[in-house]
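[1] Just the structure for this:
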Amino acid sequence: MGLTYVDGTVRGPEGAQEHVRFLVDSGAAYTLLPHNVWTRIGPERRRSLSLVLADDTEVRRSVSECYIVLEHGEAHTPVILGEPGDEPLLGVVTLEVLGLVLHPFARRLQPMRMMLA
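    Below is the predicted model:
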């Protein structure tokens with residue numbers, strides 16, 4: 001299994017936008033914006049969450065929302081506001097909002113099979 005990256009653009013509430021290269025992380029719930037990105041696009045901190053990292057370390061981060069544009073679609077999504085050193089991640093909530101899943105063998109995003117039942 002390898003790593004999958006996708007390019008996207010994130011836009012803040014006043015229209016400022018930044019290009020971001022995201023690591024697609026199917027184990028992460030929320031998308032994470034690096035500190036230098038979110039401070040330039042200006043989302044407001046809405047709340048704070050405790051998060052557990054892969055090594056079982058617990059950290060606290062603020063959460064907000066932004067507009068995200070990927071090759072596959074665009075939508076509003078919740079985002080974690082990263083601190084210096086945090087890397088950009090594309091989490092499953094954003095993927096679900098966009099109706100996408102990660103195909104682990106092809107290492108690409110594809111439309112999810114959605115049911116209305």
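
[2] Quick check: neighbours of the longest strand anywhere in the chain in the sheet, parallel or antiparallel?
    Using DSSP state E, we find that the single longest strand of the chain is strand 58-70. When pairing is defined by DSSP bridges, strand 58-70 lines up against strand 5-11 (antiparallel), strand 47-52 (antiparallel), strand 73-81 (antiparallel).

[3] mean pLDDT for those strands: which is lowest?
    Of all the strands paired with strand 58-70, the minimum mean pLDDT falls on strand 47-52 (a mean of 94).

[4] can you list contacts of that one?
    With CB atoms under 8 Å, 6 or more residues apart in numbering as the contact definition, strand 47-52 has outside contacts at Glu58, Val59, Arg60, Arg61, Ser62, Val63, Ile80. Heads up, the C-betas are built off the backbone N, CA and C, glycines and all.

[5] So which of these is surrounded by the most neighbours?
    Neighbour counts for the contacts of strand 47-52 (other CB atoms under 10 Å) peak at Ile80, which has 23 neighbours.
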